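J.: Based on what follows, work out the 3D shape:
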Amino acid sequence: ARVMSKWSGVVDLVVSDKHHLVAQIRRLHKLFSEEKSAGAIDRSGCVGADEQEVNHFSENKVLTNVDRGEYIPFKQDYYGSGSVVAGFAKLGGRRVALIGPRSEDGLRACAAVTRARDVLRTASRMKIHPVLVLGKRWHQDAEIYDESGIRARIDFVNTLKDHAGVRIGILTDIRGYHSLEVVSHCDVIIFVRSSERDAVENAFIEKNATFIVGSLDEAFDCAARVIDLVDPVEKKERPAGGAPVVPDEAGSPYDMMESVIKKIADGGEFLEFFAAQNLTKTKSNFITGLARIGGETVGVLSDQPLILGGGADAPSTEKFRIFTQFVNRFGLRLLMLSNASGFIPGTKQERIRIQAIGGEALDTNIAGNVPVVSVVLNQNYGGRQIQAFSKHLRPGIHYMARENATLAVLGHTVAFDLFKAKKYRELAAAGNQSEADAMRSEFIDGFLEKARAKNDAYATGAVDRLVTDMSKLRSMILEGFEISEKECRKAFGKKG
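T.: You can find the predicted model right below:
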């Protein structure tokens, strides 16, 4: 046993006698066989933080942030692997594998990398979500001719890439982003911003972090909440947050988060992803995140009419694509709430590749197989209608709109200029200004009336259902998911 554990690292745990063996088996059974959602980390039995702690990550920091301070390190006796913290615990009742370099400078010894990979493999077999904690970097550079060291690093990265669970990375240093071999395979990045940073660093963090928190404790809390939403162990339905309220005037700004999303979500709770990304003034012009609706986890994509009229720009479209890929990976229901004036035009957007970014987002929508409910609240124009989950993209999309919502390729002014401007100028030049103005008024009134969802869109089947009472929006969304799930099963042979 000493050889197998200390020199080869094959043995996970070593016991001293039979009584110790029974105790370890009980601990393992309790950890691996029992799982339920507690809603939050139970820190009642946790050890206190060590004020003299000098390590970037340690067993003490783990014991401070896991349920009842219970943690089982694996392969702890493996000689040369002491630079990595690796083992299993629970966060809010959910099993996790906790892995991280003890030093912020990362792992160097082959034994440490091998130990990290073996724990990750165990987590994969047991369907346990991994939480990786890193500082400046994950791996130190291996010696150029160190074949076993290079192979161990490649194997670790491939094991992480293939893990089916929610791969969560907790970064405590901005330089950790350079560890692309690890960061690029994390589904969620939680950045611990515990000190002041300059404007350039803050902008970088805000663009690339899924969540930004102020401490390692908050990071563990956030990880527990993400896992509980993405992979729930039980369906827990709660009453809605309230009745959604949307102004009748299409161009009127309103806060989509407070007025709609939190109203239809169970308990009014919504976990926003990328809250700091694509900041415009005080809020993002596009919202992404997770909520429970009717007890089921739903990925929410939403325009924010409070900022830029909800218009879609290149950064918000990239945010759209990244979150849609996340939802597709885990087979979650997806809710699209549209209230946009279309894509924001101009050479500035073109220079930052709005066409290519929009095309990639569209590809992601088409390639998905999850049930989608797409709702237009007040307006949606042009190509944004298609990109925001038009029902014709693929099977499994249920499309709804408020009855007076505007759905059009062009705005009414542009449409008039395109189709009637010549006639208008001719009448005005002939001195028939009143006739010209009457023609313009008649055209615009007719155009806007036809563009209402209850008319052309509903008559042609572009819209499946009309929302006539906002107080029923939540129930209609749930009914829409039942329909879209049936379509997904028929088309793809599964829910999502």
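J.: contacting residues for the nearest residue to Gly309 once chain neighbours are set aside?
T.: Take Gly309 and drop its neighbours on the chain: the residue closest to it by CB to CB, 6 or more residues apart in numbering is Ser341, 4.4 Å away. Using the backbone N, CA and C atoms, a C-beta is placed for each residue, glycine as well. Contacts for Ser341 (CB atoms under 8 Å, 6 or more residues apart in numbering) come out as Gly251, Gly309, Gly310, Gly311, Gln379, Tyr381.
J.: Asp217: which of those residues is nearest?
T.: Nearest to Asp217 among the contacts of Ser341: Gly310, at 35.7 Å, using CB to CB.
J.: Hmm, that closest one is touching Phe343, no?
T.: No: checked against CB atoms under 8 Å, the pair Gly310 and Phe343 is beyond contact range at 11.1 Å.
J.: which of these two has more neighbours?
T.: Gly310 (28 against 21; other CB atoms under 10 Å).
J.: which SS class is the residue nearest to Gly309?
T.: The three-state assignment at Ser341 reads coil, by DSSP: H, G, I helix; E, B strand; the rest coil.
J.: where does the protein have low pLDDT?
T.: Scanning the chain for pLDDT under 70 picks out 48-54, 142-148, 278-283, 494-496.
J.: State the helix or strand in which the residue nearest to the spatial centre of it lies.
T.: Residue closest to the average C-alpha location in the chain (CA atoms, centre = their mean): Phe323, at 4.6 Å. Assigned by DSSP states H and E, Phe323 belongs to helix 314-330.
J.: And the next helix or strand after that helix, how far out from the chain middle?
T.: Counting by DSSP H and E, the next helix or strand C-terminal to helix 314-330 is strand 333-338. Mean C-alpha position of strand 333-338 versus that of the full chain (CA atoms, centre = their mean, to the nearest Å) differs by 13 Å.
J.: got it, and stretch 186-193?
T.: Stretch 186-193 sits 11 Å away from the centroid of its parent chain (CA atoms, centre = their mean).
J.: got the contact list for that stretch?
T.: Contacts for stretch 186-193 (CB under 8 Å, 6+ apart): 132, 166-172, 174, 183, 205, 208-216, 218-219, 222-223, 226, 273, 326, 329.
J.: Buried residues, it. List them.
T.: Buried residues in stretch 186-193, counted by 16 or more other CB atoms under 10 Å: Cys186, Asp187, Val188, Ile189, Ile190, Phe191, Val192, Arg193.
J.: Can I get it in PDB, CA atoms only?
T.: Taking C-alpha atoms only, stretch 186-193 is exported to PDB below (Å, rounded to 0.1, in the frame of the first residue of the first chain):
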ATOM      1  CA  CYS A 186     -14.400  26.100 -18.500                       C
ATOM      2  CA  ASP A 187     -18.100  26.600 -19.000                       C
ATOM      3  CA  VAL A 188     -18.100  29.300 -16.300                       C
ATOM      4  CA  ILE A 189     -15.400  31.700 -15.200                       C
ATOM      5  CA  ILE A 190     -15.700  33.200 -11.800                       C
ATOM      6  CA  PHE A 191     -13.200  36.000 -11.200                       C
ATOM      7  CA  VAL A 192     -12.300  37.100  -7.700                       C
ATOM      8  CA  ARG A 193     -11.700  40.800  -7.900                       C
END
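J.: all numbers from here: first residue = 594
T.: Got it, the first residue is 594 from now on, which makes the last one we talked about stretch 779-786.
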